[in-house]
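1. Predicted model follows, preceded by the sequence.
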Amino acid sequence: MTSSDPAAEVIAALAASGQSLATAESLTGGMIGAALTAVPGASAVYLGGVVAYATPQKTRLAGVPSEVLDAHGPVSAQAAVAMANGVRIETGADWAIAATGVAGPDPQDGHQPGEVWLGLAEPGGVVRATRHHFAGDRAAVRTATTTAALELLFGALERESPHSATRS
């Protein structure tokens, strides 16, 4: 991605394709949604999001089955996938991006600060997760997670429809 504003590229790509987006966030605390809604015209494509910070809220708000959390924990590929899929289904969005992980400074359940999972739910039900490790303090991890989520989403949009996802 070449733009200094990945959120603007995501909004433009979604608008060009006539598709919508929802978010499910944990460690970012709404930073992905905030980045998206800072872009003029976001209301045409961004349906909304959930901040499911506490583990039980991932079930209540983001649709993560408690069995997933019991078996794999909140910092896992399975949780990220379930968050993305849950919010996509709940909102009726075409796409959803989810972020879960450990911002720090303390480890969580054996996971070190900077460990992040992003979940991406695409149209047609394709859902996948990517693992990331970000260095830095809490703020740096949260910012890097937000940027990585937007870049992951833009890359998927670009692959799906190369003519509609244009770079600024």
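-> Yep, that arrived.

2. For Arg128, which non-adjacent residue is closest in space?
-> Leu120 (5.6 Å; Cβ to Cβ, 6 or more residues apart in numbering). Heads up, the C-betas are built off the backbone N, CA and C, glycines and all.

3. Please identify the pairing partners of whatever helix or strand the one you found lives in and their relative orientation?
-> Here Leu120 sits within strand 115-121, counting by DSSP states H and E. Using DSSP bridges, the strands paired with strand 115-121 are strand 95-101 (antiparallel), strand 127-133 (antiparallel).

4. which residues touch the residue nearest to Arg128?
-> Going by Cβ atoms under 8 Å, 6 or more residues apart in numbering, Leu120 touches 84, 95-98, 127-130, 152-153, 156.

5. partner residues bridging it?
-> When assigned by DSSP bridges, Leu120 has beta-bridge partners Ile97, Arg128.

6. what packs against the lengthiest helix in the chain?
-> Secondary structure of the chain per DSSP state H: the longest helix is helix 138-160. Contacts defined by 3 or more Cβ pairs under 8 Å, 6 or more residues apart in numbering; DSSP states H and E place helix 138-160 against helix 6-17, helix 31-37, strand 95-101, strand 115-121, strand 127-133.

7. Check these for me and report the most buried one.
-> Among those, the stretch with the highest mean neighbour count (mean count of other Cβ atoms under 10 Å) is strand 95-101, at a mean of 30.

8. Could you pull up the mean pLDDT of that one?
-> For strand 95-101, the mean pLDDT works out to 98.

9. do the same with stretch 71-82
-> On average, stretch 71-82 scores 98.

10. would you turn the helices and strands packed on helix 138-160 into CSV with distance to Val75?
-> As requested, these are arranged in CSV below (distance: least, Cβ to Cβ, whole Å):
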stretch, distance to Val75
helix 6-17, 24
helix 31-37, 17
strand 95-101, 6
strand 115-121, 6
strand 127-133, 10
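
11. Quick one: closest of the ones you listed to Ala77.
-> strand 127-133 (3.8 Å; Cβ to Cβ).

12. What angle do helix 138-160 and that closest one make with each other?
-> Angle between the axes of strand 127-133 and helix 138-160 is 140 degrees (criterion: axes from the mean of the first three to the mean of the last three Cα atoms, to 10 degrees).

13. so what's the residue lying closest to Val39 once chain neighbours are set aside scoring on pLDDT?
-> Nearest residue to Val39, sequence neighbours excluded (Cβ to Cβ, 6+ apart): Ile11, at 4.5 Å. Here, the pLDDT recorded for Ile11 equals 98.
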